[in-house]
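Asker: can you look at this prediction? I've put the sequence above it.
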Amino acid sequence: MPKRAKILITGGAGFIGSHVMRRFIKTDKYHIVNLDKLTYAGNLENLKDIEDSSNYEFIKGDICDFEFVKGLFTRNNFYGVIHLAAESHVDRSISNPIEFIQTNVVGTMSLLNAAKNSWNQSANHRFYHVSTDEVYGSLGDEGFFSETTPYDPKSPYSASKASSDHFVRAYGNTYGLPHVISNSSNNYGPNQFPEKLIPLMIHNIKNRKPLPIYGKGYNIRDWLYVEDHARAIELIFEQGGNGETYNVGGFNEWKNIDLIHLLCDIMDKKLGNEQGTSRKLITLVKDRAGHDMRYAIDASKLNSELGWKPSLQFAEGLEKTVDWYFENEKWLNDVTSGDYQKYYEEYYTNR
Ligand code: NAD
Ligand code: TYD
């Protein structure tokens, strides 16, 4: 890898992307170009502390605009791409699937094609697609997703991510594009947009609003602190094998209802409430269409080959996350102003 190699990171103003940006910029090993369209989920406030770094530039643009992306590759000699830009929320993919095909499939194709043309079969490059465990479908009570679990996506979101994973591998096989893919479980932590379970519940508890739990709350997710994911991404980018896939998970399965109970108890303590106050806000609502029952990751390959394991216990990570949302009230107020209220009122009325 060249010294201060130029890397294109897409979606760097989003939740996971902003943590990846910070990690890569601080190492000072790279020059980072952040390409982000700044959709509702992208926020330059997430990068305030690093925006003046000399090894960083931000470009506002759409990964789906192939001519624009091609021009970017022509002007820059990118050593690698870390591709995170996506539409990322399952509920939105149910109400607006087309946008997910556009960004997640067409956008990934546009980047792949530009990289293929620019790198011209040279092996000294790396295209890294950051993907999800949801491509594997849904588990019953037993078992884990491994890297060899057959793809079986069940929501428009996971189908779009599975499709983009397939295109990345197809470009590797057909054109020799050097690539690596990781499939991670659910992330949580600072800067997550309050549409995903944990920040939505933090926001609602703060505002004494109902906590909508889909179905009975028995669905299970495997939660990973976002900075542990960012550390895995750095390792995989630098040391992962060409053409390889790595699963990333928290070894941390929680039933939604149990997680919300824990979160309510943490928040009651911070808010000085009598224990049990926030639990009273829990409201069981209509289940999500096609709701995947259980995700659980076997991350032993990443552990044995690259020495990665999560660093935080869940209660500690959750507390850090709650503290961040308390300390960043302006961030939370800003992202929940404007269209947010209208979107959620309509969403919970019409779903
Ligand atoms: P996010 O929704 O918080 O951020 C997505 C970012 O992509 C935003 O900054 C947005 O502005 C940008 N973007 C969207 N469309 C774009 C376009 N057409 N052109 C350029 N930029 C665009 O997402 P996240 O939760 O940070 O997820 C990042 C990646 O990680 C996604 O690819 C997602 O599928 C994957 N992932 C997420 C999780 C999770 O738990 N959040 C778990 C596994 C994998
Ligand atoms: P989410 O954060 O949307 O992530 P994903 O669907 O990608 O796993 O949801 C996590 C779990 O929480 C999932 O089982 C759906 C459930 N959920 C609720 O019960 N209520 C909510 O308001 C949200 C957003 C999610």
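Answerer: Noted; the coordinates are in hand. Residues are numbered from 1 along each chain as shown. Ligands and ions are numbered 1, 2, ... in the order given.
Asker: now the strands for the stretch 51-200 of the chain?
Answerer: Along the stretch 51-200 of the chain, the stretches classed as strands by DSSP state E, counting those that start in this stretch are 56-60, 80-83, 126-132, 179-184, 186-188.
Asker: all strands for the stretch 201-350 of the chain, in order.
Answerer: 211-214, 220-225, 245-248, 253-255, 282-285.
Asker: so which of the strands of the stretch 51-200 of the chain comes closest to residue 221?
Answerer: Among those, the nearest to residue 221 by C-beta to C-beta is strand 186-188 (4.5 Å). Every C-beta, even on glycine, is put in place using the N, C-alpha and C of the backbone.
Asker: for the closest one, packing partners?
Answerer: In terms of contacts (3 or more C-beta pairs under 8 Å, 6 or more residues apart in numbering; DSSP states H and E), strand 186-188 is packed against helix 197-206, strand 220-225, helix 226-239, helix 314-327.
Asker: so which of the ones you listed gets nearest residue 7?
Answerer: helix 226-239 (8.2 Å).
Asker: buried stuff in that closest one?
Answerer: By neighbour count on 16 or more other C-beta atoms under 10 Å, the buried set for helix 226-239 is 226, 227, 228, 229, 230, 231, 232, 233, 234, 235, 236, 237.
Asker: before we move on, what about stretch 175-194?
Answerer: 176-194.
Asker: so how far is it off the chain centroid?
Answerer: 5 Å (C-alpha atoms, centre = their mean, to the nearest Å).
Asker: does that stretch come close to ligand 1?
Answerer: Yes. On the criterion C-beta under 6 Å from any ligand atom, stretch 175-194 is in touch with ligand 1 at 184, 186, 187, 193.
Asker: I'd like to know how many residues surround the residue lying closest to the second one once chain neighbours are set aside.
Answerer: If the residues on either side of it in the chain are set aside, residue 186 comes closest to residue 221, at 4.5 Å by C-beta to C-beta, 6 or more residues apart in numbering. Counted by other C-beta atoms under 10 Å, the residues lying close to residue 221 total 22.
Asker: circling back: can you redo the residues of stretch 175-194 next to ligand 1 as TSV with pLDDT?
Answerer: Shown next, in TSV, are the residues of stretch 175-194 next to ligand 1 (pLDDT from 0 to 100):
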residue	pLDDT
184	98
186	98
187	98
193	97
